[in-house]
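J.: Sequence and predicted structure, then a few things I'm wondering about:
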Amino acid sequence: MNHISFAEFLESAPCILGEGAVIERLRRNNDLKLDPYLVNSAFIYEDAKRAALETICRQYLDIGREYGLPLLLSTPTWRASRERIAAAGYGAPREVWAV
């Protein structure tokens, strides 16, 4: 894998696919409830919610692959501070690794 700076990345691609409204897509699924403290960050703790999040992210990855576009994808952990995790009742934070 070649490593380049973010500026070089932006300059190298004619178009960059960006994920959009992942939280809104999850919010509109009546079977899923966003956590009041962690929003979609809590989805890593439950299999069904994690699968829903993976499905959405996979759709963006597939589109990027199909059209040869680089993808800028945000993590779902933007609210996962120690304080918010504790307030949501999930105990100590845990490391999450994507493969």
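T.: Received it, and whenever you're ready, just let me know what you need.
J.: Poorly predicted segments of the chain, please.
T.: 1, 92-99 (pLDDT under 70).
J.: That one: strands as residue ranges?
T.: Ranges of strands within the chain are 17-18, 71-72, based on DSSP state E.
J.: among those, which is nearest Asn29?
T.: strand 17-18 (21.1 Å; CB to CB). Heads up, the C-betas are built off the backbone N, CA and C, glycines and all.
J.: Neighbouring strands of the closest one in the sheet, and parallel or not?
T.: strand 71-72 (parallel) (DSSP bridges).
J.: Identify the residues contacting the partner strand?
T.: Ile16, Leu17, Gly18, Glu19, Tyr60, Leu61, Gly64 (CB atoms under 8 Å, 6 or more residues apart in numbering).
J.: what's the answer for stretch 5-25, then?
T.: Residues contacting stretch 5-25 (CB under 8 Å, 6+ apart): 4, 34, 39-40, 53, 56-57, 60, 63-64, 67, 69-74, 76.
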